[in-house]
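Provided below for reference: sequence and predicted model.
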Amino acid sequence: MSRDLATVRTLTTIASAGWAVTILVLYVVWRPDDVQPVLMALSQRALDLSVPIGLWLVHLPLGSWILARFVPHERGGDSLEWLIRASAIGLGVAMLTTTVGAVAGCVGAMWIAVTAASCALGSLRQWPSTARQLVRALVQLREELRSVQGAAVLVVLGLSLVTALTPAVSQDALHYHLEVPKRWLEAGGFTDVPGNVYSRFPMNLELLFLNGLALRGEIAAKVWHWWFAVLAAGALRLLAGRFATKRAAMWAPAIFLAVPSVFRVATWAYVELGLIYFLLVGWDLLVDSKQRGADAQAKSSVGLVVLAGLCFGVACGIKYTALPIALAAAIAVAIQTTTRRAWTAGLFAASAAVGGGFWYLKNWVEVGNPVYPFLYSFFGGSGWDLERSQLFQTSLEQWGEVSWGLPFSLTFDATFASIERFDGIVGPALLIALPLLGAVAWRQPKARPTFAFAAFMIGLWLTTTQQIRFLLPGLAVLFALVPIALESTVSINERRVYVTALVGCISLSFVSHFILFGREAPVAYAVGLESAESNRARRLPGGDSALFARIGSHVAEDERILFAASGNPVFLCERPYHADSVVENYTLRTILKSATAAECAARFAEQGFTHLLFRFELVFGEPNVHTDLSLEEQQRLMKVINDYGSLSDSAGGTFLYRVGAAESNR
């Protein structure tokens, strides 16, 4: 009797489930005007997101296997530690395989798929243990996220994800972060991008953007940077946990993600969060080595140093600014090692060279300057000159303004899209945390090296480009010490005051997040109620998106555009072009050196240009303020346009002219 009753219950459950599924399917089928488009749009966004997460997951077992060769994972050890380290190694392998394909001239969707499958099959025996470890790490994170700090982390990551899953509109992304890997993909490997000096920057992260472009498109490439926000938050929690309890350690990523500039760059195809992730992992490895107190000859200590060097090297392969940071880390390795200091520091440096040396060697071989276009007076560099080098350096030095009240300026005066005001927002976190952090540097000897490391990076920022996004690595390391500062406060009441202040800090920072989210309004695109063209037209600075959408109807495939100063969103250009860096009109000025307008028009034709594209205020603006063209050059250009040019299109202050060598071509 009981067996029959159990059978009936099972059949009833199956029938109920079948009925519910049938109704849901029929509802979708019978709603083609609202439900189907939304589900289709959401599925497309899910596919975009699956590219970075899928490639990360595929390379995770191999990363875990390599990690075990250097630092064996202890049974019952910290699963988050394993996850963050194995992820860094796995992503490093993904960068390496893409580099090999680009050097071989066969990089593309097929190469990416084959190498990813090879990595997965090659580490097949590692998959079961990786799955178990991953489940443990996710369970650990789920428990730690059940807090006010955890809720703040989830809110920021959720809002930034929706915003990241939209078409790219940020200037640097459209000029080189996405455009350069797009050119590599079209060529099947590394290729020169004439005029674009940024294409010579280290581009480890752009290799992953290339994967996204090859497998899905620009949004899949763009969302890679959001994924690094997730990984950086995990790495920051791991580093904070070296000094404080797990519960308190979650304050570090919560405060860091509350910084409005972090939220903003997480939605762009930039590289700062990837840089931060590898710097945090590298420094955490050195802190772990120090805390273990192992001798330099011990296998675990050597493994930690090698992995740290690799991580700092990958960071150097992401951004030039990581070079002095890696040098400081090498000095820290020599100081903290008890024996064979030179050998250990040398091992660290050699590992760093393996992790990021490719880009510097490539530049040295191809243009004669490993840090092109910088240090021109020392290294030189083909296709560059002293005047352009000085102009480029001046453009980087104009950001921000250092004063004794800098912490107050960063807190109260900083804003987005302002050269004088640091082009970003820090929020109140830094100023609130400074008294706490000063105290911990005095009271906690084990935290002093990390405090000094953060202070070095902030000091480095003061001597370089003072955009807030360049300050973020130093802030990330500094905020890793906030949890131990809270736990080391003298009294419970003092701790409660600071916790309340930090909650208020996060809450106020969320105001900026919500404003940014509201201005971007990404939900309509995410659910399919807005097209990519409409979304970009609404969000692209300058309002000239329509011109680039129409450019194919004005310019033939065998014609060529010269981009004068325009912000240079060349990623949107579907026709052959030449564009200099966003801070100069070098090629245009070279053409305008001709004595007459007729000779200038002839020079256009000689160099293969049929069209000229520019933003009016960046060409015909105030000399040495808005443009590098002199009044004489502006007058000559205006005569060329009037006598030998014809307006093809314009939008939002950007103009596209056809330029001919004779008046008959007007």
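Received it, and whenever you're ready, just let me know what you need.

hey, let's count contacts and neighbours off CA atoms from now on
OK.

longest helix anywhere in this structure?
helix 35-70 (DSSP state H).

Could I get the buried residue list for the helix or strand that comes right after that one?
The first helix or strand that comes after helix 35-70 along the chain, using DSSP states H and E, is helix 79-104. Using 16 or more other CA atoms under 10 Å as the test for burial, helix 79-104 gives 79-99, 101-102.

How about stretch 194-214?
Buried, per 16+ other CA under 10 Å, within stretch 194-214: 196-214.

Just to check, residue 277 is in contact with residue 231?
Yes - the criterion here is CA atoms under 8 Å, and residue 277 meets it with residue 231 at 6.5 Å.

Next, name the residue at the spatial heart of the chain.
Using CA atoms, centre = their mean, the residue of the chain that lies closest to the mean C-alpha position is residue 271, 2.3 Å off.

any idea how far that one lies from residue 468?
Separation of residue 271 from residue 468 (CA to CA, to the nearest Å): 14 Å.

can you check residue 633 too?
35 Å.

same deal with residue 315?
Residue 315 is 18 Å from residue 468, by CA to CA.

Please compare the two by neighbour count and tell me which comes out ahead.
residue 315 (33 against 24; other CA atoms under 10 Å).

List every C-alpha atom in the host helix or strand of residue 111, with coordinates, as CSV.
Assigned by DSSP H and E, residue 111 belongs to helix 109-122. Extracted as CSV, the C-alpha positions of helix 109-122 are listed here (Å, rounded to 0.1, in the frame of the first residue of the first chain):
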residue,chain,number,x,y,z
ALA,A,109,38.0,32.1,-33.0
MET,A,110,39.3,28.7,-34.1
TRP,A,111,42.7,29.2,-32.4
ILE,A,112,41.0,30.3,-29.2
ALA,A,113,38.6,27.4,-29.2
VAL,A,114,41.3,24.8,-29.9
THR,A,115,43.7,26.1,-27.3
ALA,A,116,41.0,26.3,-24.7
ALA,A,117,39.9,22.8,-25.5
SER,A,118,43.5,21.6,-25.3
CYS,A,119,44.0,23.2,-21.9
ALA,A,120,40.8,21.5,-20.7
LEU,A,121,41.7,18.1,-22.0
GLY,A,122,45.3,18.4,-20.9
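
between that helix and helix 79-104, how big is the angle?
Comparing the axes of helix 109-122 and helix 79-104 via axes from the mean of the first three to the mean of the last three CA atoms, to 10 degrees yields an angle of 140 degrees.

now helix 109-122, how far from the chain's geometric center?
When C-alpha coordinates are averaged (CA atoms, centre = their mean, to the nearest Å), helix 109-122 and its chain have centres 24 Å apart.

and that helix, what does it pack onto?
helix 35-70, helix 79-104, helix 204-215 (3 or more CA pairs under 8 Å, 6 or more residues apart in numbering; DSSP states H and E).

Switch those over to JSON lines; also include distance to residue 562 and mean pLDDT.
Listed next are these as JSON lines, based on distance: least, CA to CA, whole Å; pLDDT from 0 to 100:
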{"stretch": "helix 35-70", "distance to residue 562": "33", "mean pLDDT": "94"}
{"stretch": "helix 79-104", "distance to residue 562": "27", "mean pLDDT": "96"}
{"stretch": "helix 204-215", "distance to residue 562": "25", "mean pLDDT": "97"}
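
In CSV: the ones you listed, plus distance to residue 365.
Output for the helices and strands packed on helix 109-122, formatted as CSV (distance: least, CA to CA, whole Å):
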stretch, distance to residue 365
helix 35-70, 31
helix 79-104, 14
helix 204-215, 18
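
of all those, which lies closest to residue 536?
helix 35-70 (16.3 Å; CA to CA).

Just give the closest residue to residue 431, not the sequence neighbours.
Of all residues not flanking residue 431 in the chain, residue 407 sits nearest, at 6.4 Å (CA to CA, 6 or more residues apart in numbering).

Likewise for residue 427?
Using CA to CA, 6+ apart, the closest residue to residue 427 is residue 411 (5.4 Å).

mind listing what the one you found touches?
For residue 411, the contacting residues are 425, 426, 427, 428, 430, 431, by CA atoms under 8 Å, 6 or more residues apart in numbering.

sorry, back to before: residue 277 and residue 231: who's more crowded?
Just comparing residue 277 and residue 231: by other CA under 10 Å the higher neighbour count belongs to residue 277, 25 against 22.

Kindly confirm my reading that the more buried one forms part of a helix.
Yes - applying DSSP: H, G, I helix; E, B strand; the rest coil, one finds residue 277 inside a helix.

Let the chain start at 6 from now.
Got it, first residue is 6 now, which makes that one residue 282.

Please determine how far the nearest residue to it once chain neighbours are set aside is located from residue 162.
The shortest distance from residue 282 to any non-neighbouring residue, by CA to CA, 6+ apart, is to residue 237 (4.4 Å). With the distance defined as CA to CA, residue 237 ends up 11 Å from residue 162.

more neighbours, these two?
More crowded of residue 237 and residue 162, by other CA under 10 Å: residue 237, with 26 against 21.

Just the pLDDT at that one, thanks.
The score at residue 237 is 98. That number is its pLDDT.

quick one: contacts for it?
Here residue 237 is in contact with 278, 279, 281, 282, 285 (criterion: CA under 8 Å, 6+ apart).

picking up where we left off before, top of the contacts of residue 416 by neighbour count?
residue 431 (28 neighbours).

and the gap between the closest residue to that one other than its chain neighbours and residue 323?
Closest residue to residue 431 apart from its sequence neighbours, by CA to CA, 6+ apart: residue 264 at 5.2 Å. From residue 264 over to residue 323 the distance is 22 Å, taken as CA to CA.

quick one: contacts of stretch 280-299?
Under CA under 8 Å, 6+ apart, the answer for stretch 280-299 is 89-90, 93, 233-234, 236-237, 240-241, 243-244, 247, 305-306, 309-310, 312-317, 319-320, 323-324, 327, 334, 338, 341-342, 477-478, 481-482.

ditto for stretch 478-492
241-242, 244-245, 248-250, 253-258, 260-261, 277, 280-281, 284-285, 435, 438, 441-442, 444-445, 452, 455-456, 458-463, 500, 503-504.

starting at the chain centroid, how far to it?
Centre-to-centre, stretch 478-492 and its host chain are 22 Å apart (CA atoms, centre = their mean).

which stretches of the stretch 206-355 of the chain aren't confidently modelled?
Within the stretch 206-355 of the chain, the ranges that satisfy pLDDT under 70 run 298-305.

helix, strand or coil for the residue nearest to residue 526 when sequence neighbours are not counted?
Closest residue to residue 526 apart from its sequence neighbours, by CA to CA, 6+ apart: residue 168 at 7.8 Å. State at residue 168, reduced to three classes by three-state DSSP: helix.

measure residue 168 to residue 523 for me?
10 Å.

Those two: who's more crowded?
Between residue 168 and residue 523, counted using other CA under 10 Å, the more crowded position is residue 168 (26 against 12).

hang on, the more buried one packs against residue 527?
Yes - in this structure, residue 168 is within contact of residue 527 by CA under 8 Å, at 5.3 Å.

which residues sit in contact with the residue nearest to the centre of the chain?
210, 230, 323, 324.

quick one, phi psi at the residue nearest to residue 431?
phi -70, psi 120 (degrees, to the nearest 10).

my guess is it meets residue 419, correct?
No - when contacts are counted by CA under 8 Å, residue 264 is not listed as touching residue 419 (12.0 Å).

Neighbour count for the two, which is higher?
Shown here are residue 264 and residue 419; by other CA under 10 Å, residue 264 has more neighbours (26 against 22).

That one: what's it in contact with?
430, 431, 432, 434, 514.

how about those in a markdown table, adding secondary structure?
Formatted as a markdown table, these follow (three-state DSSP):
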| residue | secondary structure |
| --- | --- |
| 430 | coil |
| 431 | coil |
| 432 | coil |
| 434 | helix |
| 514 | helix |
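
could these go into CSV alongside pLDDT and distance to residue 21?
Below are the contacts of residue 264 laid out as CSV (pLDDT from 0 to 100; distance: CA to CA, whole Å):
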residue, pLDDT, distance to residue 21
430, 92, 53
431, 93, 53
432, 91, 52
434, 87, 52
514, 89, 47
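
So which of those residues is the closest to residue 647?
residue 430 (43.8 Å).
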